[in-house]
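>>> I'll drop the sequence and a predicted model, then ask my questions.
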Amino acid sequence: MLQGDRHVQALIQHCYDEGRWLAAICAAPTILANLGFLDRRRAVCYPGMEELMGSAVVQKGAPVVADGHIITGEAAGSSFPFGLKLVEVLKGAEAARQVCHAVHYHG
């Protein structure tokens, strides 16, 4: 493991332990799964990587999933729903609607 990887893992662990929001999209949810953070939680990842999700309850075909304080996104094509979910959990549903309207997202 590279030195930087240990520092990133320690930071992720600290945030998880503090109950802070964690978000990962595309292949990155497999990192959270490897750390055990997705055990028995609903989550998504890049299609074809489901076997790397451990005991996560993978929601195939969902663009974004929030379970507890963890948000996962399927792939780059899910970036708008993923970003809007982040706005929603951090600033509320009305703020997410405003952003959605401001960027003319119709998904």
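It's in.
>>> For this protein, just list every one of the strands.
22-25, 42-43, 57-58, 64-67, 70-73 (DSSP state E).
>>> Let me know which of these is the nearest to H7.
strand 22-25 (16.2 Å; Cβ to Cβ). C-beta: built from backbone N, CA, C; applies to glycine.
>>> Can you name the residues in contact with that closest one?
Strand 22-25 has contacts (Cβ atoms under 8 Å, 6 or more residues apart in numbering) with 12, 15-16, 31-32, 37, 69-76, 78-79, 82, 86.
>>> most tightly surrounded among the strands of the chain?
strand 70-73 (a mean of 26; mean count of other Cβ atoms under 10 Å).
>>> Sheet partners, orientation included, of that one?
strand 22-25 (parallel), strand 64-67 (antiparallel) (DSSP bridges).
>>> can you put these in CSV and add mean pLDDT and distance to V8?
Output for these, formatted as CSV (pLDDT from 0 to 100; distance: least, Cβ to Cβ, whole Å):
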stretch, mean pLDDT, distance to V8
strand 22-25, 98, 12
strand 64-67, 98, 22
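>>> With H106 as the reference, name the closest of these.
Here strand 64-67 is closest among these (Cβ to Cβ), at 16.2 Å.
>>> Just the C-alphas of the closest one, formatted as CSV.
The C-alpha trace of strand 64-67 is given here as CSV (Å, rounded to 0.1, in the frame of the first residue of the first chain):
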residue,chain,number,x,y,z
VAL,A,64,-27.8,6.9,-6.7
VAL,A,65,-28.5,5.3,-3.3
ALA,A,66,-28.3,6.9,0.1
ASP,A,67,-28.2,4.6,3.1
